[in-house]
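[1] Fold the following and give me the result.
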Amino acid sequence: MKMKSHFLFNRTQRSGILFLLILILGLLCVYFFIDFSEKSTFDTSSEEIATLQRELDSLRVAETAAKKPKIYPFNPNFITDYKAYTIGLSTEEYDRLKEFRSKEQWINSVADFKKVTQISDSLLAEISPYFKFPEWVTNPKPKKNNYTNYNIEKPYAEKIDLNKATKEQLQQVSGIGEAYSDRIIKYRNTLDGFTSDVQLYNVYGLDPAVVKRALLQFTVKTPKQIDKININTASASDIATIPSISFELAKHIWEFRKLRERIETISELQKIEGLSQSKFQLIQLYLYVE
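    Next comes the predicted model:
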């Protein structure tokens, strides 16, 4: 039995195949040569679209800014690692600041911050409005110097009598405030009046340098009279009645005299161990040799 070839067609079949080929070619021509895309009627150049685009852009900028860490006013002397990061300082710039502060030095101006950290002008302009320095730096008060010039000693006639000086007059001396002026007057009242300038050195806590300044302007002009004690007959109790002389020191003075049987001059007492020059000057006012 003979097999019929697939390529043997009758006239009708051949005509159908030819028509199909023509139809395919026609459709391909239509596909490649005819533009079926529709033109958009949406005009992106209109003013309404441009306005909307600007609004969207501003919203994006605002959103980006909101994501950044918010900067609050701060003292540039106290910046932490995290703070340095949030304001944009590099590691090197922050290290320079830390080294500067480790030496107990202070940033007191924008110029100081620039000099120490060496940051760029653009970053400095961005963060410097947030710098907050202490009030005493931004608005320093002029220093008031109400003290008289106590480096120059007044003549005796112009000096103020230490036994009549008021608190206000004493406070004009640099180093003598309200507390010390009260203490001086209280000590003066205890003595019933100063006998000598040297007694001012025995006011508790008063610095000798301050006393020295005060005595350039003050002196005892109306001294209190003292009933002096004979060192060669005085007991330890008698010596202890001297103001600012403890019984222990009085006992040392008495024992010193007993060992020598007799004191010839008051200056011999300077050999007593532990007797300061100011104490010696004080006891000179109350003791005498006979």
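[2] Could I get the average pLDDT for the helix or strand where residue 16 lies?
    Assigned by DSSP states H and E, residue 16 belongs to helix 11-33. Mean per-residue pLDDT for helix 11-33: 83.
[3] What are the buried residues along stretch 221-234?
    Going by neighbour count (16 or more other Cβ atoms under 10 Å), the buried part of stretch 221-234 is 223, 229, 231, 234. Just so you know, the C-beta spots here come from the backbone N, C-alpha and C atoms, and that holds for glycine as well.
[4] What of stretch 206-220?
    Quick answer for stretch 206-220 (16+ other Cβ under 10 Å): 206, 210, 211, 213, 214, 215, 216, 217, 218, 219, 220.
[5] first vs last residue of that stretch, how far apart are they?
    Separation of the first and last residues of stretch 206-220 by Cα to Cα, to the nearest Å is 18 Å.
[6] Just the residues contacting it, thanks.
    148, 150-154, 156, 159-163, 165, 170, 172-176, 180, 183-184, 194-197, 199-201, 203, 278 (Cβ atoms under 8 Å, 6 or more residues apart in numbering).
[7] Mind picking out the helix or strand in this protein with the poorest mean pLDDT?
    The weakest-scoring helix or strand in the chain, judged by mean pLDDT, DSSP states H and E, is helix 135-138 (a mean of 64).
[8] so what does whichever helix or strand comes after it touch, helix or strand wise?
    Toward the C-terminal end, the helix or strand that comes next after helix 135-138 (DSSP H and E) is strand 160-161. Strand 160-161 sits against strand 218-219, with contacts defined as 3 or more Cβ pairs under 8 Å, 6 or more residues apart in numbering; DSSP states H and E.
[9] So what are the sheet partners of the strand it packs on and their directions?
    If you go by DSSP bridges, strand 218-219 pairs up with strand 160-161 (parallel).
[10] Show the average pLDDT along the strand it pairs with.
    92.
[11] which other residues reach that strand?
    169, 217, 218, 219, 220, 221, 222.
[12] Out of the residues you listed, which is nearest to residue 118?
    Of all the contacts of strand 160-161, residue 118 sits closest to residue 217, with 52.2 Å by Cβ to Cβ.
[13] could you check the distance from the closest one over to residue 188?
    Taking Cβ to Cβ, to the nearest Å as the measure, residue 217 falls 16 Å from residue 188.
[14] next one: residue 174
    As for residue 174, its distance to residue 188 is 20 Å (criterion: Cβ to Cβ).
[15] ok, now residue 26?
    Separation of residue 26 from residue 188 (Cβ to Cβ) stands at 132 Å.
[16] can you check residue 200 too?
    To residue 188, residue 200 is 9 Å away according to Cβ to Cβ.
[17] neighbour-wise, which of these two wins?
    A side-by-side neighbour count of residue 200 and residue 188, using other Cβ atoms under 10 Å, places residue 200 first with 23 against 20.
[18] Assumed the more buried one was part of a strand.
    No - read with DSSP: H, G, I helix; E, B strand; the rest coil, residue 200 is helix and lies in no strand.
[19] Now flag whichever of the buried residues of stretch 206-220 is closest to residue 55.
    Ranked by distance to residue 55 (Cβ to Cβ), these are led by residue 210 at 73.9 Å.
[20] tell me which element that closest one is part of?
    Assessed by DSSP H and E, residue 210 sits inside helix 208-214.
[21] okay, that helix in PDB with CA atoms only?
    The C-alpha trace of helix 208-214 is given here as PDB (Å, rounded to 0.1, in the frame of the first residue of the first chain):
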ATOM      1  CA  PRO A 208      49.000  87.800 107.500                       C
ATOM      2  CA  ALA A 209      49.200  89.300 104.000                       C
ATOM      3  CA  VAL A 210      45.700  90.900 104.500                       C
ATOM      4  CA  VAL A 211      46.800  92.200 107.900                       C
ATOM      5  CA  LYS A 212      49.800  93.700 106.300                       C
ATOM      6  CA  ARG A 213      47.600  95.500 103.800                       C
ATOM      7  CA  ALA A 214      45.200  96.700 106.500                       C
END
